[in-house]
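> No sequence on hand, only this structure:
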């Protein structure tokens, strides 16, 4: 059973940093993609960043390019991180990690990120 556990959210002042973690278990495929997606009430979900396990390619939304970095644990590859620097109030959202495996989506629970101005 695939399970994802997100953590690391919190309250930070504008300009600060947070590091989100997504602990992943139960994945038996070598080829899958991991994403960080954020949701603000009343707005559409936004894919913030993705990474492909097969080729290491990454994607960043324009709104976070140059500020956010997605990575994985090089030793175990059982954790995916989102380093968020130079945070802005508009980054405030619930952040979810998601795995895309063999045509299916698996979601972790969200972690709240609040950036105060």
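Received it, and whenever you're ready, just let me know what you need. The structure displayed is predicted, hence computed values, not measured ones.

> what are the bridge partners for the residue nearest to residue 95 when sequence neighbours are not counted, then?
Nearest residue to residue 95, sequence neighbours excluded (Cβ to Cβ, 6 or more residues apart in numbering): residue 38, at 4.9 Å. Using the backbone N, CA and C atoms, a C-beta is placed for each residue, glycine as well. Listed by DSSP bridges, the beta-bridge partners for residue 38 are residue 46, residue 95.

> Residue 38 and residue 30, how far apart?
28 Å (Cβ to Cβ, to the nearest Å).

> So what's the residue count around the residue nearest to residue 95?
23 (other Cβ atoms under 10 Å).

> these two touch, right, it and residue 93?
Yes: at 3.8 Å, residue 38 and residue 93 qualify as touching, with contact defined as Cβ atoms under 8 Å.

> and for the two, which residues touch both?
46, 113 (Cβ atoms under 8 Å, 6 or more residues apart in numbering).

> three-state assignment of the residue nearest the centre of the chain?
Central residue of the chain (Cα atoms, centre = their mean): residue 36, 2.7 Å from the mean position. In three-state terms, and counting by DSSP: H, G, I helix; E, B strand; the rest coil, residue 36 is strand.
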